[in-house]
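J.: with the sequence up front, the predicted model follows.
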Amino acid sequence: MDKILRINMGPGGEPTSRTEAVGDYAGLGGRGMTSAIVAKEVPPTCHPLGEDNKLVIAPGLLGGTTGAMSGRGSVGCKSPLTGGIKEANSGGQPAQMLGRLGYAALVLEGKPKDDTLYMIRISSDGVEIKAAPALKMKGNYDTVENLKNEYGDKVSCISIGQAGEMKLASATVAFTDMEQRPARHAARGGVGAVMGAKGVKAIVIDDTGASMRSPKDPEKFKAANRAFVDGLKKHPVTGQGLPAYGTNVLTNVVNEAGAYPTYNFKTGRFDGASAISGETQAETITARGGKATHGCHRGCVIRCSGIWHDKDGHYLTKQPEYETVWSHGGNCGISDLDTIAMLDRLDDDYGVDTIEMGATIGVAMEAGLVEFGDAEGAINLVKEVGKGTPLGRILGSGAAVTGKAFGVERVPVVKNQSMPAYDPRAVQGMGVTYATSTMGADHTAGYAVTANLLGVGGNVDPLTPEGQVELSRNLQYATAAIDATGMCLFVAFAVLDQPETFQAMIDMINSFHGLELTGDDVTALGKKITKMERDFNTAAGFNKTDDRLPDYFRKEALAPHNVTFTVSDDDLDTVFSDL
């Protein structure tokens, strides 16, 4: 991947494209690439929906290779939701195909002179940009079906739904999976709104004639890849738990730990958890003829995804992930998997973040729009977003906006982004990550659940402040580096517990690129990425007061442990003191 594709959508004239050498961005991939371009080229104080913002899509350092777990893609910009820098991450096929076409990044720049909607086709023959009025206000599923009919079943697609066209702050960018379903999403931070602001409805990627990228040392790469796969398969989380029950294996675990946010973060246990657990989900999927084990992209060996069929045995959506099951389930008092699957399908089709949408419905329920546990009411609220009604536009703008519109005090956000499925009072390391991450409240930025609850990479008491800052800091740096490789974050379970698996991952990168990286170099890469992001946010107007949880997490004790968040503000201010 030695080139960057830039597509300028305006203003004035017709959209244009140009290809340039990777230049100063050489050696970067994934989140490292997106954050570097945004940090260098986007004015920190610009309007996120204006012409000066840029949307960057980048495969990882191992994108387009035979490396296991390396097919994820990063989408970066200035976030319409947080106002800071954003990287959202997705599985699916597009990142691998971009990598095989030789692109280290695709950058959407400028803004159209009018409301013309465009689609882009990228292939080994070049770039085609054309108006796509027939796709206007179509959902992701219809959009992809239209594109598949025109371009065949070998392409992959990146698209936005109605929410992205309306430029709503919870809008996602959809990536198609191996079956050409728009079921994988770069979801957080409103990246879909930026794609909509650029006037781009869809990007078709056709890698016909392109071959896998070749490593500098094929034999060493093959051996390292084999050792890496062996390590993933022998770890109990990546080799057993996730393949059998998907990410939703965590529902019973987190609920039992008293850290499962229920009824808009009022309590840490949900009585209906077993009905929506990963075990129940897998059993239901299998009984209906779906797939409880499925990869979101080629090269995935963990295979923690799945295919959900409705009661009649027809495909409805991907197997809802743990975060989605929680946000639309326990957080809203709903214990019906079919309702949650329908909400997941609607979210994916309209193109909204399931975490943000579920948290928003929880806030709306607290406001009295519908009752907690009202499944039909929750579905109707999401449909308002798809219709673009005034209420739908409020809800589609996220939990913070919804809380302000309806006068709700208890809104679980940091930097305007909703917290995911771990209450920070019962998993205090996650509270540190939520508060200090450059991305706003984000579990993937530094997944302290590993040592707080799962005993992976050590043990840190989840209910006390001791050790949480160091845990979160180290995980945030490690995560930034993994996001740069294009690997799935779940490799971290094996990497943290098995030194030989960590070394195999480094050996894969070294043998492919002809490098001599060490473990310290990986940490240094993560620190470099984090510093770029922190500097951007500072220039955008963020300060230490933005690295805080809402006050009620320090004031309201969470049952069943009756704990509050007790990591001090002074300690939060030391998380990045070494940058």
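T.: Cool, the structure landed.
J.: from residue 496, how far off is residue 521?
T.: Residue 521 sits 18 Å away from residue 496, going by Cβ to Cβ, to the nearest Å. Where C-beta positions appear, they are placed from N, C-alpha and C, glycine not excepted.
J.: neighbour count: these two, which is higher?
T.: residue 496 (22 against 15; other Cβ atoms under 10 Å).
J.: give me every residue that touches that one.
T.: Shown in contact with residue 496 (Cβ atoms under 8 Å, 6 or more residues apart in numbering): 450, 456, 457, 502.
J.: could you look up the SS state of it?
T.: helix (DSSP: H, G, I helix; E, B strand; the rest coil).
J.: now do it, the pLDDT please.
T.: Note on residue 496: pLDDT of 89.
J.: which element is residue 20 on?
T.: strand 16-21 (DSSP states H and E).
J.: partner strands of that strand, parallel or antiparallel?
T.: strand 3-8 (antiparallel) (DSSP bridges).
J.: so after the lowest-mean-pLDDT helix or strand in the chain, what's the next helix or strand?
T.: When each helix and strand of the chain is scored by mean pLDDT, DSSP states H and E, strand 291-294 comes last, with a mean of 77. Counting by DSSP H and E, the element after strand 291-294 in chain order, helix or strand, is strand 305-309.
J.: for the record, mean pLDDT for that next one?
T.: Mean predicted confidence for strand 305-309 is 89.
J.: tell me how far it is from the chain's mean position?
T.: In terms of Cα atoms, centre = their mean, to the nearest Å, the centre of strand 305-309 is found 19 Å from the chain centre.
J.: which residues touch stretch 215-226?
T.: Contacts of stretch 215-226 (Cβ under 8 Å, 6+ apart): 65-68, 504-505, 507-508, 510-514.
J.: let's see 7 Å
T.: 66, 67, 68, 504, 507, 508, 511, 512, 513, 514 (Cβ atoms under 7 Å, 6 or more residues apart in numbering).
J.: kindly report the same for stretch 231-240.
T.: Contacts of stretch 231-240 (Cβ under 7 Å, 6+ apart): 301, 302, 456, 490, 491, 493, 494, 497, 498, 500, 501, 504.
J.: what about that stretch, start to end distance?
T.: Using Cα to Cα, to the nearest Å, the end-to-end distance of stretch 231-240 comes out at 12 Å.
J.: just the buried residues of that stretch, please?
T.: Going by neighbour count (16 or more other Cβ atoms under 10 Å), the buried part of stretch 231-240 is 231, 232, 235, 237, 238, 239.
J.: so where's the stretch 51-200 of the chain shaky on pLDDT?
T.: In the prediction, the stretch 51-200 of the chain carries no residues with pLDDT under 70.
J.: just the strands from it, written as ranges.
T.: Ranges of strands within the stretch 51-200 of the chain are 55-59, 73-78, 85-90, 103-109, 118-123, 126-131, 156-159, 173-175, 184-186, 200-206, based on DSSP state E, counting those that start in this stretch.
J.: what's the first helix or strand after the last one?
T.: Right, the one you point to is strand 200-206. Downstream of strand 200-206, the next assigned helix or strand under DSSP H and E is helix 218-234.
J.: in the stretch 351-500 of the chain, which spans are strands?
T.: All strands of the stretch 351-500 of the chain, identified by DSSP E, counting those that start in this stretch, fall at 413-414, 417-418.
J.: ok, which of these comes nearest residue 468?
T.: Shortest distance between residue 468 and these, using Cβ to Cβ, is found for strand 413-414: 15.4 Å.
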